[in-house]
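Give the three-dimensional model of this entry:
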Amino acid sequence: MKFIDDLYELYKDQLVGDEEDAVALVLYALQDHHRDDMLKLIRDMSEDEVYQMLGNYLIEKLKDKMDKEGLGQHQPEPHPDSKNVH
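Coordinates of the predicted model:
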């Protein structure tokens, strides 16, 4: 995606390569953009990029919802044939 390529080229010498870099840089880059600006970025994406973006967003929202509802916070039952080793 051209937006990411341009953003990376602009800041690559200042990045250390961790997730915090990516989050901070994207949030900084988007903070002054309005809805129309962001819709233009989406229109410039390929169909696959739009699919990936929406898929990632929906996955994260579903994970957040499951977290808030307390799903996935229990420990699985040990298999009856397994030995309890501590």
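
what residue ranges in this structure are flagged as low confidence?
73-86 (pLDDT under 70).

Break down this protein into its helices, ranges please.
2-11, 19-30, 35-43, 47-69 (DSSP state H).

Dump those helices to TSV, plus mean neighbour count.
C-beta: built from backbone N, CA, C; applies to glycine. Formatted as TSV, those follow (neighbours: other C-beta atoms under 10 Å):
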stretch	mean neighbour count
helix 2-11	12
helix 19-30	12
helix 35-43	10
helix 47-69	11
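
Phi first, then psi, for Asp18.
Phi and psi for Asp18, reported as degrees, to the nearest 10, are phi -100, psi 170.

just Asp44 next, same as before
phi -80, psi -10.

And the residue lying closest to it once chain neighbours are set aside, how close does it get to Tyr8?
Nearest residue to Asp44, sequence neighbours excluded (C-beta to C-beta, 6 or more residues apart in numbering): Lys2, at 6.8 Å. As defined by C-beta to C-beta, to the nearest Å, Lys2 lies at a distance of 11 Å from Tyr8.

Of all residues in this protein, which one is nearest the centre?
Centroid-nearest residue in the chain, with C-alpha atoms, centre = their mean: Asn56, separated by 6.0 Å.

wouldn't the residue nearest to Asp44 be in contact with Lys40 here?
No - look at Lys2 against Lys40 with C-beta atoms under 8 Å: they stay out of range, at 11.4 Å.

What residues does the residue nearest to the centre of the chain make contact with?
Asn56 makes contact with no residue, according to C-beta atoms under 8 Å, 6 or more residues apart in numbering.

okay, now Met45: neighbour count?
Taking other C-beta atoms under 10 Å as the criterion, the count of residues near Met45 is 15.

Asp32 too?
Neighbour count for Asp32, taken as other C-beta under 10 Å: 7.

Distance of Tyr28 relative to Asp21?
11 Å.
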